[in-house]
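# I'd like to go over a predicted model; first the sequence, then the structure.
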Amino acid sequence: MNTLIRNARAIYCAPESHTRHESQISVNNSNPAVPTDIRIRDGVITEIGNQLLPTDDEQVIDASGCVVWPGLVNTHHHLAQSVLKGVPEGLNQALGDWLGSVPYRFWPKISPQLMYHAARLGLYELLRSGATTCADHHYLYHAGSSPEVEDAVWAAADELGIRLVLCRGSATVQGSHKGMLKHGIQPENVELVMQRMERSYRQYHQAGDNAMRRLVVAPTSLVHSATADDLRTLAVWARERQLKLHSHLLEVSFDDIQAQEKYGQRAIDYAASCDWLGKDVWFAHLVKSDEYTIQQLAASGTGIAHCPTSNCRLGSGIAPALAMEQAGMNITLGVDGSASAESGSMIQELNLAWLLHRAVNGADATQAEQIIRWGSHNGAQLLGLNNCGDIAVGRAADLVLYDIDSPRFAGVHSAVIAPLLCAEPVKVKYSLINGRVVVNNGQVCGLDEAELVAEVLAGVADLLRNAG
């Protein structure tokens with residue numbers, strides 16, 4: 001846990017650091033004002049400087065040719081979908097039909113063993129792209145589901161050493177979900193949801209600003225998968241335990257249409273009436289947010305997991321993240337499920353967010369440091385991991401060393417932002433979480449890649465046979 005990182009080409013320091021702007025224009029180590037070394041003790045950054053000398057109890061990581069970033073924080077994922085990439089029936093479908101053709105077709109048949117391998121695959125993809133925290137919206141629950149499917153996600157995260165925020169999905173009604181109706185999935189009732197969540201809360205949840213395990217109350221769809229009374233009940237249950245709240249909202253216009261038809265309210269007003277707005281709440285997507293919706297979200301302190309790749313892939317649109325940020329919302333980034341964001345890469349989300357908003361709003365609409373902040377600091381704050389997300393003395397040592405010592409990066413003048421500018425393929429040479437090395441010289445620790453491929457291929461073949 002005691003480590004000295006030396007000779008980095010550049011370090012992306014925390015916003016309050018006076019060296020950050022200097023490091024952004026650094027191409028080499030010739031500027032003595034640019035820090036190159038980071039000392040870590042007991043999982044915490046204790047010193048940032050130049051030519052730091054190792055002590056006898058420290059391991060030394062040579063960061064030559066690397067830039068060091070804070071670990072990226074993925075605020076919305078579906079790890080189960082790591083084994084549902086490129087399903088032919090859903091390739092050209094929008095969200096509503098795609099849900100029936102892909103996730104709802106398969107998820108009741110995902111075994112604990114396949115869920116374990118899917119989680120390892122999804123977490124591997126996140127680690128190799130620079131993420132150190134994953135908020136997984138895990139919704140594989142129904143009336144007869146087994147706790148072992150959820151346990152498999154926690155186990156995979158433990159083995160790989162990544163921070164996991166498990167957003168416990170639920171559906172207490174079939175509602176208007178085409179997939180649930182088509183495949184006859186029987187929902188839980190709210191009492192069963194809380195009973196099962198209590199088990200997870202007691203067994204896995206940790207408090208603290210740099211917790212490795214967090215539980216979040218996360219009905220799968222705010223408008224479609226629960227009654228208003230159930231939503232209020234779940235909100236009370238969560239807040240009594242100081243848990244955060246998460247769901248999907250306004251990914252497509254159907255949320256507003258259904259809210260008007262069922263409740264005589266706009267979706268955002270329905271959320272407010274169910275006590276589902278606030279500083280402890282964030283929603284994935286929010287693509288179809290107009291000025292009124294943004295005002296309500298911002299006034300309440302509600303956050304967003306912006307998922308640009310998935311929203312492009314399903315033709316949903318582009319969330320108005322810049323208008324949201326200007327209104328005061330906390331903007332974070334999520335990969336979403338790999339069934340609609342096949343790369344499973346956080347660095348792709350950063351790059352696409354940087355580009356998309358420029359395409360719509362002009363070449364100066366997004367700044368590199370703004371997007372890195374969305375993907376690191378903002379996400380950590382949203383999840384309540386207040387000691388993570390920055391490189392600064394006193395912060396948890398969640399660090400990613402991107403290797404830019406290769407031809408495709410050689411011409412980049414601003415070394416520290418090269419991974420954002422050039423995007424995939426990136427190479428994470430080292431990654432540390434709480435000071436523990438979880439990617440070592442390009443290899444994800446605790447995982448045999450060939451074995452993982454074989455297990456996933458076999459599991460997908462079984463899944464197809466069972467799903468028919």
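That came through fine. Numbering: from 1, shown residues only.

# Contacts only, for the spatially closest residue to Trp237 that is not a sequence neighbour.
Leaving aside its sequence neighbours, Trp237 sits nearest to Met194 (Cβ to Cβ, 6 or more residues apart in numbering; 5.4 Å). C-beta: built from backbone N, CA, C; applies to glycine. Neighbouring residues of Met194 by Cβ atoms under 8 Å, 6 or more residues apart in numbering: 233-234, 237.

# Strands of the stretch 301-450 of the chain, residue ranges please.
For the stretch 301-450 of the chain, applying DSSP state E, counting those that start in this stretch gives strands covering 303-306, 331-333, 336-337, 399-403, 428-433, 436-440, 443-444.

# per-residue confidence at Asn387?
Listed pLDDT for Asn387 reads 96.

# Then Ile11?
Here the pLDDT value assigned to Ile11 is 97.

# got the phi/psi numbers for the residue nearest to Trp237?
Note on Met194: its backbone torsions stand at phi -70, psi -40 [degrees, to the nearest 10].

# one step back: filter the contacts of Met194 down to just the ones in helices.
The helices, defined by DSSP state H, take in 233-234, 237 from those.

# Leu297 against Met324, yeah?
Yes. Under the criterion of Cβ atoms under 8 Å, Leu297 makes contact with Met324 at 7.0 Å.

# more crowded one of these two?
Each of Leu297 and Met324 has its neighbours counted (other Cβ atoms under 10 Å); Leu297 has more, 28 against 22.

# Name the nearest residue to Pro320, ignoring sequence neighbours.
Taking Cβ to Cβ, 6+ apart, and ignoring the residues beside it in sequence, Pro320 has Ser289 as its nearest neighbour in space, at 5.8 Å.

# Distance check, that neighbour against Met329.
Distance of Ser289 to Met329, given as Cβ to Cβ, to the nearest Å: 10 Å.

# Next, show the common contact partners of the two.
Common neighbours of Ser289 and Met329 (Cβ under 8 Å, 6+ apart) are Leu297.

# Just name the most buried of the strands of the stretch 301-450 of the chain.
For these, the largest average neighbour count (mean count of other Cβ atoms under 10 Å) is found in strand 303-306, namely a mean of 30.

# still on that earlier bit, just the buried residues out of the ones in helices among the contacts of Met194, in PyMOL syntax.
Of the ones in helices among the contacts of Met194, the buried ones go into a single PyMOL selection, burial set by 16 or more other Cβ atoms under 10 Å:
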select buried, resi 233+234+237
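
# Distance to Lys279 and pLDDT added to the ones in helices among the contacts of Met194, as JSON lines?
As requested, the ones in helices among the contacts of Met194 are arranged in JSON lines below (distance: Cβ to Cβ, whole Å; pLDDT from 0 to 100):
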{"residue": "Thr233", "distance to Lys279": "20", "pLDDT": "98"}
{"residue": "Leu234", "distance to Lys279": "17", "pLDDT": "98"}
{"residue": "Trp237", "distance to Lys279": "18", "pLDDT": "98"}
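
# Show me which of the ones in helices among the contacts of Met194 is closest to Asp462.
Nearest to Asp462 among the ones in helices among the contacts of Met194, counting by Cβ to Cβ, is Leu234 at 33.7 Å.

# wait, what's in contact with the closest one?
Listed by Cβ under 8 Å, 6+ apart, the contact partners of Leu234 are 170, 190, 193-194, 217, 219, 226, 245.

# Show only the entries of the residues you listed found in helices.
Per DSSP H, the contacts of Leu234 map to helices at 190, 193-194.

# Could you pull out the residues contacting both of Leu297 and Met324?
Both Leu297 and Met324 are contacted by 286, 289, 304, under the criterion Cβ under 8 Å, 6+ apart.

# Which secondary structure state is assigned to the second one?
Remark: Ser289 carries the secondary structure label coil [criterion: DSSP: H, G, I helix; E, B strand; the rest coil].

# quick one: it and Leu234, what's the gap?
23 Å.

# what's the answer for the last one, then?
Applying Cβ to Cβ, one obtains 20 Å for the distance of Ile304 from Leu234.

# can you check Gly161 too?
According to Cβ to Cβ, Gly161 and Leu234 sit 30 Å apart.

# same check, this time on Ala267
Look at Ala267 and Leu234: by Cβ to Cβ, they are 17 Å apart.

# And Asn387, by the same measure?
Distance, Asn387 to Leu234, by Cβ to Cβ: 28 Å.

# go on, Leu452?
35 Å.

# Could you do Ser129 as well?
Separation of Ser129 from Leu234 (Cβ to Cβ): 32 Å.

# Kindly reformat the ones in helices among the contacts of Leu234 as JSON lines containing distance to Gly43.
Formatted as JSON lines, the ones in helices among the contacts of Leu234 follow (distance: Cβ to Cβ, whole Å):
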{"residue": "Val190", "distance to Gly43": "39"}
{"residue": "Val193", "distance to Gly43": "34"}
{"residue": "Met194", "distance to Gly43": "34"}
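
# could you pull out the helices for the stretch 51-200 of the chain?
Ranges of helices in the stretch 51-200 of the chain, per DSSP state H, counting those that start in this stretch, are 95-101, 103-106, 112-129, 147-160, 178-182, 190-204.

# my bad, should have said the stretch 251-400 of the chain
Assigned by DSSP H, counting those that start in this stretch, the helices in the stretch 251-400 of the chain fall at 254-263, 267-273, 291-300, 308-313, 321-327, 346-361, 368-373, 379-382.

# List the contacts of stretch 461-468.
With contact meaning Cβ under 8 Å, 6+ apart, stretch 461-468 is reached by 83, 105-106, 109-111, 114.

# out of the residues you listed, what pair is the most spread apart?
Longest span within the contacts of stretch 461-468, Cβ to Cβ: Arg105 and Ser111, 15.4 Å.

# out of those two, which sits in the busier spot?
The neighbour comparison of Arg105 against Ser111 (other Cβ under 10 Å) goes to Arg105, with 20 against 16.

# Need the per-residue pLDDT for that one.
Looking at Arg105, its pLDDT is 90.

# swap in Asn466?
86.

# ditto for Ile25
If you check Ile25, the pLDDT there is 36.

# do the same with Ala119
pLDDT, Ala119: 98.

# and what of Gln174?
In this model, Gln174 is scored at 75, pLDDT.

# now swap in Ala365 and tell me
97.

# And for Pro32?
On pLDDT, Pro32 comes in at 57.

# Pick the one among the ones in helices among the contacts of Leu234 closest to Asn351.
Asn351 lies nearest to Val193 out of the ones in helices among the contacts of Leu234, by Cβ to Cβ, at 37.2 Å.

# tally of neighbours for the closest one?
For Val193, the count of nearby residues is 24 (other Cβ under 10 Å).

# ok, it touching Val173?
No. Assessed by Cβ under 8 Å, Val193 is found out of contact with Val173, at 11.7 Å.
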